[in-house]
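Colleague: need coordinates for the following:
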Amino acid sequence: MSDPFFQPPSGTDLPRYAGVPSFMRLPYLPPDHPRRGEVEIGIFGLPWDGATSNRPGARHGPRALRDASTMIRERNRATGQEPFRAARIADLGDVAMSPVDQDEALGNAQAFIRGVLGQGIRPFMVGGDHLCTLTVLRELRAARGEPFGLVLLDSHTDLYPPYFGGQTLTHGNPFRQGIEEGCLDPARCVMVGMRGTSYNNADFQYGWDKGVRIVPIEECMELGWTAVMEIARAVVGDGPTYVSFDIDFVDPAYAPGTGTPEVGGPTSFDAIRCVRSLRGLDIIGADLVEVSPPFDTGGITAWLGASVMFELLCAMQK
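Modeller: Predicted structure coming up:
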């Protein structure tokens, strides 16, 4: 039986524009809250974009997504799921991440996530730029003791080497670093939706050499999204899998509020169908990243992001 404490208030009882916004109007449980240990899926924000290579603004993503997500209701009409009744889900707050010191920012994030995993909570991270994902991958690897699979829905592979001739990481290489550090099993990694211009082919070549299955947008459109997601499910199989959703996976006509938009992507409906197709996988954690409110139009990107978050929560139900 579901616990009323973990149920968001209905818009028929409290207007959705009223109250203090939390993710999907779920209870906010700081680290010292006595019921935090009961949480099964914890949503938290990493409001940081210090690894952005061009257009910043994703540091404001978690706040915009909290506000947009107050529009989410309890039931998924398409699937019949009610995720807030199926699992105890809560907003765990944001991590304090230095905007000027990358090492300190990532270290604080990892310490926070370590505590979340130590309480047996499955992590749902809301970014922030895509390097934020590396902090979750690192801590999941440390907690589980073995690499795991990945489903990436994105317009970029994020498999490039560090930029600018140095060793500093950016949002263009979290998954390369995740493979190098043994967080990810490349043979169980699938990346869907890649498109746009590039500096060279180093990212694709690295993925191919490691055994990553990359499905560029041309293949997606030729095969159709149902067939593509069947490929994704086959790659990760029944093993533990992390799901990362970059909002720039979606065509910027539907999601303009992001730092590195690439035209020619899926519609918002296609993107939601892709997430729904992940039901039944062993999802050990997930994220939604790269929503940049300064580039948004009328809040449509944040609203799409909040809708994708809800679909991810449904896909995470055991």
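Colleague: shaky segments in the stretch 201-318 of the chain?
Modeller: Flagging of the stretch 201-318 of the chain using pLDDT under 70 yields an empty set of residue ranges.
Colleague: wait, residue 266 touches residue 229, no?
Modeller: No. With contacts counted by CB atoms under 8 Å, residue 266 stays clear of residue 229, the gap being 11.2 Å. To be clear about C-beta, it is placed using only N, CA and C from the backbone, and glycine gets the same treatment.
Colleague: and residue 12, how many neighbours?
Modeller: Residue 12: 8 surrounding residues under other CB atoms under 10 Å.
Colleague: what's the helix or strand containing residue 152 packed up against?
Modeller: Of the helices and strands defined by DSSP states H and E, residue 152 is found in strand 148-153. Counting contacts by 3 or more CB pairs under 8 Å, 6 or more residues apart in numbering; DSSP states H and E, strand 148-153 packs against helix 174-180, strand 184-194, helix 225-236, strand 240-246, helix 268-276.
Colleague: per-residue pLDDT, residue 1?
Modeller: Looking at residue 1, its pLDDT reads 51.
Colleague: let me see the ranges of the helices in this structure.
Modeller: All helices of the chain, identified by DSSP state H, fall at 61-69, 83-86, 102-118, 132-144, 174-180, 202-210, 217-223, 225-236, 268-276, 300-315.
Colleague: now mean neighbour count too, for the helices and strands packed on strand 148-153, in a markdown table please.
Modeller: Conversion of the helices and strands packed on strand 148-153 to a markdown table gives the following (neighbours: other CB atoms under 10 Å):
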| stretch | mean neighbour count |
| --- | --- |
| helix 174-180 | 24 |
| strand 184-194 | 23 |
| helix 225-236 | 18 |
| strand 240-246 | 24 |
| helix 268-276 | 19 |
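Colleague: out of the ones you listed, nearest to residue 293?
Modeller: Distances from residue 293 to each of the helices and strands packed on strand 148-153 were compared using CB to CB; the minimum, 15.7 Å, belongs to strand 240-246.
Colleague: show residues contacting the closest one.
Modeller: When contacts are defined by CB atoms under 8 Å, 6 or more residues apart in numbering, strand 240-246 is touched by residues 130, 133, 136-137, 140, 144, 148-156, 184, 188, 258, 275, 278, 281-290, 308, 312, 315.
Colleague: pull out the buried members of those residues.
Modeller: 130, 133, 136-137, 140, 148-156, 184, 188, 258, 275, 278, 281, 283-290, 308, 312, 315 (16 or more other CB atoms under 10 Å).
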